[in-house]
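J.: coords below, sequence missing:
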């Protein structure tokens, strides 16, 4: 069904060309859009007479009425005041225009359903290629899934969808849809250039545009490039995983690429029982929650600066000896000297594992 806003915009444009007032009603005679001084929602009692007749158009009380068909079913009725030949032509043109809109919207709706079912793995393999052929969707071209997360309300997310569509207009190989209230999915044709850097530039343009439009904080996750329609669901699952891993380990990143998850991907796939065993082995009776904020900040900054004592002390605005004292104290409590590469790796992984366990616990797993 075409939105009333689109119907109104269509007849406003036609009135600008033809200088004729046009009204569009549903099959019960309720006014959906009009250029006349008529209330939207008001009833036109003559419409049922036309619906029940076999005629495609009818002249009633100075108005010409025209049926608009969706295949063989009447979907709308158009009315224009006047009895001359020009009014008849305008009516036929209006009915033809709306009928074409119905076809276009139905095709878009069918494609949207197809892509959703494809993403969610709701289709048999044979059905994928059969339906794709009917919908004129090409198969063997490179595509990638972008998952755009927005934690705004439903109305704002609708605006986000419109902005995404405006960023990728008139691309018959691109598809934009949503499978829940918070996430918008862009299935993008990358047949021209599937290099990783190009894909991340596209993701950055999405983040920058939505930020400039005051849509709040958004995160964009990328799956892998796939070459077959049946594999789009895999790219979607990868993007979902990337988004989840990003929330746990890379909170400050707004763009998360599945192919750049690093050790976060490995930890995310570990069973919690194995994670607990590792934490108990490394920290014994110490809990990560026992470390105060100053200690954790010192550790993280030390890792950021590649175990460089001088640079870390400079960025923390503390004396070098103060930093050495803190690191010595950490070694005494944990048995790990993070100034050495091996202990630093062990400690870094342990912190990430603890973070993962805490996230999973809060998520109810």
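T.: All right, it came through fine. Since we're looking at a predicted model, the values are computed, not measured.
J.: Now do the same for residue 140: helix, strand or coil?
T.: coil (DSSP: H, G, I helix; E, B strand; the rest coil).
J.: does residue 272 really touch residue 354, like I thought?
T.: No: the criterion here is CB atoms under 8 Å, and residue 272 misses it with residue 354 at 11.7 Å. For every residue, glycine as well, the C-beta is placed using N, CA and C.
J.: So for the two, which residue has more residues nearby?
T.: Taking other CB atoms under 10 Å, residue 272 and residue 354 do not tie; residue 354 has more neighbours (20 against 13).
J.: how near is the nearest residue to that one once chain neighbours are set aside to residue 60?
T.: Spatially, and ignoring its direct neighbours in sequence, residue 354 is nearest to residue 288 (4.1 Å; CB to CB, 6 or more residues apart in numbering). Note on residue 288: its distance to residue 60, by CB to CB, to the nearest Å, is 79 Å.
J.: quick one: low-confidence parts of the stretch 151-300 of the chain?
T.: 151-157, 170-172, 192-196, 214-215 (pLDDT under 70).
J.: could you pull out the strands for it?
T.: 175-178, 183-189, 218-222, 255-257 (DSSP state E, counting those that start in this stretch).
J.: Name all residues that make contact with the residue nearest to residue 354.
T.: Shown in contact with residue 288 (CB atoms under 8 Å, 6 or more residues apart in numbering): 279, 350, 351, 354, 355, 358.
J.: My understanding was that residue 227 contacts residue 140; is that so?
T.: Yes: using CB under 8 Å, residue 227 is in contact with residue 140, at 5.8 Å.
J.: neighbour-wise, which of those two wins?
T.: residue 227 (12 against 8).
J.: In contact with the more buried one, which residues?
T.: By CB under 8 Å, 6+ apart, the neighbours of residue 227 are 140, 141, 142, 143.
J.: Go again with 7 Å.
T.: By CB atoms under 7 Å, 6 or more residues apart in numbering, the residues touching residue 227 are 140, 142.
J.: so of the strands of the stretch 151-300 of the chain, which one's packed in deepest?
T.: Highest mean neighbour count among the strands of the stretch 151-300 of the chain (mean count of other CB atoms under 10 Å): strand 218-222, with a mean of 25.
J.: Remind me what that one packs against, helices and strands.
T.: Applying 3 or more CB pairs under 7 Å, 6 or more residues apart in numbering; DSSP states H and E, one finds that strand 218-222 contacts strand 143-150, helix 196-212, helix 232-249, strand 255-257.
J.: Sheet partners, orientation included, of that strand?
T.: Next to strand 218-222 in the sheet, as set by DSSP bridges, lie strand 143-150 (antiparallel), strand 255-257 (parallel).
J.: for residue 20, what are its contacts?
T.: With CB under 7 Å, 6+ apart, residue 20 has these contacts: 80, 87, 90.
J.: Can you check what angle separates the stretch of helix or strand the last one belongs to from strand 143-150?
T.: Spelled out, it's residue 90. In this assignment (DSSP states H and E), residue 90 forms part of helix 85-119. Here helix 85-119 points in a direction 100 degrees away from that of strand 143-150 (axes from the mean of the first three to the mean of the last three CA atoms, to 10 degrees).
J.: Tell me which residues of helix 85-119 come out buried.
T.: Neighbour-count burial for helix 85-119 flags 87-88, 90-91, 94-95, 97-99, 101-102, 111, 114-115, 117-119 (criterion: 16 or more other CB atoms under 10 Å).
J.: How about the most centrally placed residue in the chain: what's its closest non-neighbour residue?
T.: Central residue of the chain (CA atoms, centre = their mean): residue 184, 1.3 Å from the mean position. In space, and not counting its chain neighbours, residue 184 is closest to residue 148: 4.4 Å by CB to CB, 6+ apart.
J.: Any idea what that neighbour is bridged to?
T.: With DSSP bridges as the rule, residue 148 is bridged to residue 184, residue 220.
J.: Thanks a lot, catch you later.
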